[in-house]
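Undergrad: Give me a model of this one.
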Amino acid sequence: MAKGWWSGIWAPILLFSSSFTSVVICAREVVLLDTTKISRLEWTTYKGGSQDNTNNGWREGSYSAENGNPVRVYASCSVSSQGVDNWLRTPFIPRGEANSLHIEITFSMRRCVKHNDPGSLQQCKETFNLFYYEADSDIANEMMPMWDEISYQSIDKIAADHLYDDNSNLKINKEDREVPLNRGLGGVYFSFQDTGACVTLISIKIYYVMCPNVTLNFAFFMETPTGDSPQALEERKGVCVANAAEDALPTYLCRSDGTWFYAKGSCQCLPGYEGHNSLECIECRAGFYKWELGNHPCSSCPAHSFSTAPKSVECTCEEDFYRSDTDPKSMSCTQPPSAPQNVAVRQYTHNSITVTWRFPMYDGGRNDVMFRIDCQQCDSSVTFTPDKPTFNSTSVILSGLQSSTTYSIRIYSENGVTQASKKPAQYGEDTSTTLSSRPTIINVHVVSVGDSYVTITWEKATEFKDTIQDYQVKWYRRWKGEEKTNSSNVQNFTFRNLLRDTEYSFQVRGYSTVKGWGDFSQPLHVMTGYSDETKLDAPLPSIGIIIGSIVAVFLCMAIAAIMIYLLVKRNQNQCNETKGGECDTLHYSHGEATVPLFPPPGSYKTYVDPHTYEDPNQAVREFTREIDASHITIESVIGGGEFGDVCKGKLRKPAHPEMTVAIKTLKPGATDKNRLDFLTEASIMGQFDDPNVIFLEGVVTKSHPIMIVTEYMANGSLDTYLRNNDGKFTIIQLVGMMRGIAAGMRYLSEMGYVHRDLAARNILVNENLVCKVADFGLSREVDIDTTDGAYTTKGGKIPVRWTAPEAIAFRKFTTASDIWSYGVVMWEIISYGERPYWNWSNQDVIRAVEKGYRLPPPMDCPEAIHQLMLDCWQKDRGNRPKFVQIVKSLDKFIRAPELLRKIAKPRPEHLMDAGFSAPEVPQYTNVESWLISIKMEKYIDNFLQAGYRTMDQVATITPKDLEVTLQITLIGHQKKIMNSVQTLRVQMYGLQFPQMSDGFLV
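TA: Take a look at the predicted model:
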């Protein structure tokens, strides 16, 4: 019989032919083990369970494939034995550079019902188990590691997609699994466990994936092993190619499929080199140059310059041509200009000269010609207009000259290379003599003198009486002449803070609108210290200034009065048009909006469905903000979504502080529909602005990959966060989480919005424990024109455990169905992320809820909170509370924590009515097997010593028994055991569970 079995297993292999190649797209596989390339395997095997002759364990064989090459295979088919536990282990496989390994298994499996001797079957399965064991070196032997599921780490239970019925119709299966590796360990063993299947392992290939060598943006990225999970990104820093320098640190992210993703930074070709195909930097040819860092092509030498060698950074100017230090290297070499043309004095007075000229005939090939004036006879009192060292106007005025004096004036022309040429600048010259002067001020005399002041006055010369407007007064100590000058617009001046018994000199000149500044008067010498007859303490104000000021004040008052009158008149006309109303709105002309001064209470912004737009991109532009991709830095992958990766990164917007954000990227190769759905979700999020709804920072649509950027929630999804922090929060903190979610849903419902997928997994938590509603992939708008305010789905999956019964039955969703889901979220929060309805199937959940079953209160759940859950689970959706009422109730609990002290207890009533049958659960014959099945075997002694020896006794356990009698103090272990007890009660007692129903009928 054994020989026949062996032939029956291996003979069909002759019909199988396979090519063990892998299609690599931008990736490289490094194969560590391929059994098709090995002539003899001789792997370690272990035969556990039954030791009778029918259990042959794993056996190695060799048969020829269709191409004639021998293939070594392993098979196990001990279906005629009981308690089969056969193990097969690979040799030690050094990991190399791998962060994770792939194992590709090609196998065949016989269908149990088609066994050639059904009567001999003791057990028959159609799966086998795959494990691995990490070690630093080859330490394994026949006894170590132990042949059990605890010593090895489970990878998966492998099931066949295709089963064969007889040997003439062999069907081949291929499965690939990825295994993360711990850093620092040298390698790994893989093991296969057969527990009663008829299976043949045809080939085993173990490999890891590397992103290949690549050159991009003039940076070389060495091949890189992929990360230790499908979501991991391995960052590789690039090295600049030859003759290139780093512009910004080049980095590339290696994805788990062996493709490169999201290149940042680049290298730039050095001066004297140009970029070629973004791969290499090649030297400039003779006659060409490149002087700056960059990847653009070399340029031919500009006019009047040359280069004779390759790799030129700049070109050399020809003889008598120059380039200034500030000229760009791309500018032609130029020359200094010729002299200005037609330099001549055009106007002159007794104290000023105006000189004009024309631009030089030759500007040297530049457009920056400037002029400089030189006047040998001018002293420091002379002013020039323009008053600059160089200027580009073709005239200059010299003021403050001496009358009846000859001046020689030179005008130099210069440009940007005049100094570089080291040659004298060219100039034009003219000579002129100023006119003789006539006094503008006469009769300067003293009005009064004191110990420390002198007051003088003067008169205008008759011929300048109507043209003089301003005056300059010069004074100094006689014989010690440091001159000081004051200005005045009246014909007197008082000099104060003078020294006693000191002689001062005073001179005055006037400014004529016709002649300009006149000459100073002859000095008036005055000695301080004599008593005065007349005292003028300050300059007398001009009568014209006083009159002008008065007129200006009256004019401003008149304008203000007219404006007030017009505003009041217009307001009255508008109020009259409202037929005597109270005029409390702003009115606009036709085509403008009319906005109330005070919006009526209860008015809210209304959600707009992006699907109603003929052009969906218009919705994106209207409801989102475009972000420049250069402002975003991706740091790590934190998850995967429907459309691509979800990453953590930084957003740096100009004039804003850097902030941490979450970034959803659209996967490469996405269809137009994927892109539309991706951006539609952004259009939905962009309409929401509430502290308890995830906030959209913006989108990136003008570059690839397309991104959605939202605020970053440090603690991730609520369900995972609660499971990782089991028992660590106070009841007030948990109620605070509920309150935040209810507030966010209140906001959405007031906008006319139905979420449809409200669950703890779709709630995000930030570092301050603020909960925010997220994931609008299934959300839809409430159609307010319908009679029931419902939305009917067009297919798709429904999250049964969170969905109201009417939504499951009729595919109609309302805010009331969201409230049902919210009640389940409350249960998830109190139970620290427990799965609603445990391991029941969806059909069991639907049937139970329809019969009136409701989730029981989790351990230590306040009665008030569980009652609010039950209110949310009312069968009649009209009886469920509104979100605004839920928020008020939770606020009341937070303000009055004493309302939460009473703990809910299971009600002593029937679990189900007669029409409900309990979900199927495994049957347990003793306490030990039950505890082992839920991985709580460490408490076997606790149960036995406390007298719990039968499953009937286990079904009576209460939470208090766990802590007091059984001494189980870990909250997570208490919950796990009690959840299993609840399921046991339903299975064991069905309809009549005595004294402690854990579910509720409503």
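
Undergrad: Make sure I have this right: E246 is in a strand.
TA: Yes - secondary structure of E246 (DSSP: H, G, I helix; E, B strand; the rest coil): part of a strand.

Undergrad: For it, give me its contacts.
TA: 240, 265, 267-268 (Cβ atoms under 8 Å, 6 or more residues apart in numbering). For glycine as for every other residue, the C-beta is placed from the backbone atoms N, C-alpha and C.

Undergrad: any residues touching stretch 471-487, and which ones?
TA: Under Cβ under 8 Å, 6+ apart, the answer for stretch 471-487 is 441, 456, 458, 470, 488-491, 493, 495, 499, 502-511, 517, 520, 523, 525.

Undergrad: Go ahead and flag the most central residue of the protein.
TA: Residue closest to the average C-alpha location in the chain (Cα atoms, centre = their mean): V661, at 3.7 Å.

Undergrad: The longest strand seen in the chain - what's its average pLDDT?
TA: In the chain, assigned by DSSP state E, the strand with the most residues is strand 198-211. For strand 198-211, the mean pLDDT works out to 94.

Undergrad: And stretch 284-298, by the same measure?
TA: If you average the pLDDT over stretch 284-298, you get 92.

Undergrad: what about Q469, distance to K515?
TA: Using Cβ to Cβ, to the nearest Å, Q469 is found at 12 Å from K515.

Undergrad: so what strands line up beside whatever helix or strand comes next after the longest strand of the chain?
TA: Next helix or strand after strand 198-211 toward the C-terminus (DSSP states H and E): strand 214-216. In the sheet, strand 214-216 lines up against strand 219-221 (antiparallel) (DSSP bridges).

Undergrad: Residue ranges of each domain in this protein, please.
TA: Domain ranges of the chain: 28-210, 214-269, 273-317, 340-434, 441-528, 611-711, 716-900, 927-989, per the TED database.

Undergrad: Quick one, which of the contacts of stretch 471-487 are buried?
TA: By neighbour count, with 16 or more other Cβ atoms under 10 Å, the contacts of stretch 471-487 hold 441, 456, 458, 491, 493, 495, 504-511, 517, 520 as buried.

Undergrad: And the residues you listed, which two are furthest apart?
TA: Farthest apart among the buried ones among the contacts of stretch 471-487 by Cβ to Cβ are Y504 and Y511. That separation is 23.3 Å.

Undergrad: now the closest residue to E29 other than its chain neighbours: how far from R509?
TA: The shortest distance from E29 to any non-neighbouring residue, by Cβ to Cβ, 6 or more residues apart in numbering, is to Y207 (4.8 Å). Computed as Cβ to Cβ, the Y207 to R509 distance reads 101 Å.

Undergrad: Which positions within stretch 667-687 qualify as buried?
TA: Neighbour-count burial for stretch 667-687, counted by 16+ other Cβ under 10 Å, picks out 667, 670, 674-687.

Undergrad: Repeat that for stretch 315-331.
TA: For stretch 315-331, the neighbour count (16+ other Cβ under 10 Å) marks 315, 317, 321-324, 327, 329, 331 as buried.

Undergrad: quick one: which of these is nearest to S717?
TA: Closest to S717, out of all of these and judged by Cβ to Cβ, is K329, at 57.6 Å.

Undergrad: can you list contacts of stretch 150-163?
TA: Outside stretch 150-163, the residues that touch it by Cβ under 8 Å, 6+ apart are 103, 105, 107-111, 114, 126-134, 145, 171-173, 175, 177, 179, 191, 199.

Undergrad: Just the ones in helices from those residues, please.
TA: When DSSP state H is applied, the contacts of stretch 150-163 are split such that none fall in helices.

Undergrad: Hmm, N842 is touching V800, no?
TA: Yes - contact criterion Cβ atoms under 8 Å: N842 and V800 qualify, at 4.4 Å.

Undergrad: Those two: which is more packed in?
TA: More neighbours surround V800 than the other of N842 and V800, with 19 against 13 (other Cβ atoms under 10 Å).

Undergrad: how much space between that one and K851?
TA: From V800 to K851 the distance is 15 Å (Cβ to Cβ).

Undergrad: my read: T106 touches K174, true?
TA: Yes - using Cβ under 8 Å, T106 is in contact with K174, at 5.0 Å.

Undergrad: Looking at these two now, which is surrounded by more residues?
TA: The neighbour count for T106 versus K174, taken as other Cβ under 10 Å, is higher for T106 (21 against 14).

Undergrad: Can you check the pLDDT for the more buried one?
TA: On pLDDT, T106 comes in at 93.

Undergrad: Hmm, Q231 and G639 touching each other?
TA: Yes - with contacts counted by Cβ under 8 Å, G639 reaches Q231, the gap being 6.2 Å.

Undergrad: Find residues that contact each of the two.
TA: The contact lists of G639 and Q231 share D645, where a contact means Cβ under 8 Å, 6+ apart.

Undergrad: So which of the two has more stuff around it?
TA: A direct count of neighbours by other Cβ under 10 Å for G639 and Q231 places Q231 higher, at 16 against 13.

Undergrad: So for the closest residue to the more buried one other than its chain neighbours, what's the pLDDT?
TA: Here the nearest residue to Q231 in space, its sequence neighbours aside, is V637; by Cβ to Cβ, 6+ apart that works out to 4.6 Å. pLDDT, V637: 87.

Undergrad: And S831, by the same measure?
TA: At S831, pLDDT is 91.

Undergrad: what separates the closest residue to it other than its chain neighbours from L966, distance-wise?
TA: Spatially, and ignoring its direct neighbours in sequence, S831 is nearest to P858 (3.8 Å; Cβ to Cβ, 6+ apart). Look at P858 and L966: by Cβ to Cβ, they are 19 Å apart.

Undergrad: okay, these two: which has more neighbours?
TA: Comparing P858 with L966 by other Cβ under 10 Å, the one with more neighbours is P858, at 21 against 17.

Undergrad: That one contacts I830, doesn't it?
TA: Yes - counting by Cβ under 8 Å, P858 does reach I830; the two are 4.6 Å apart.

Undergrad: my read is I732 is in a strand, agree?
TA: No - if the criterion is three-state DSSP, then I732 is helix and not within a strand.

Undergrad: Contact partners for it?
TA: Residues near I732 by Cβ under 8 Å, 6+ apart: 894, 897, 900.

Undergrad: Please indicate which of those residues are buried?
TA: L900.

Undergrad: Just the ones of the contacts of I732 in strands?
TA: Assignment to strands by DSSP E places none of these there.

Undergrad: Show me what the helix or strand V526 falls within is packed up against.
TA: For V526, the enclosing helix or strand under DSSP H and E is strand 524-527. Helices and strands touching strand 524-527, by 3 or more Cβ pairs under 8 Å, 6 or more residues apart in numbering; DSSP states H and E, are strand 441-449, strand 454-460, strand 503-512.

Undergrad: What is the neighbour count of S50?
TA: Look at S50: counted by other Cβ under 10 Å, it has 19 neighbours.

Undergrad: Low-confidence bits of the stretch 651-800 of the chain, can you list those?
TA: Applying pLDDT under 70 to the stretch 651-800 of the chain picks out residues 777-796.
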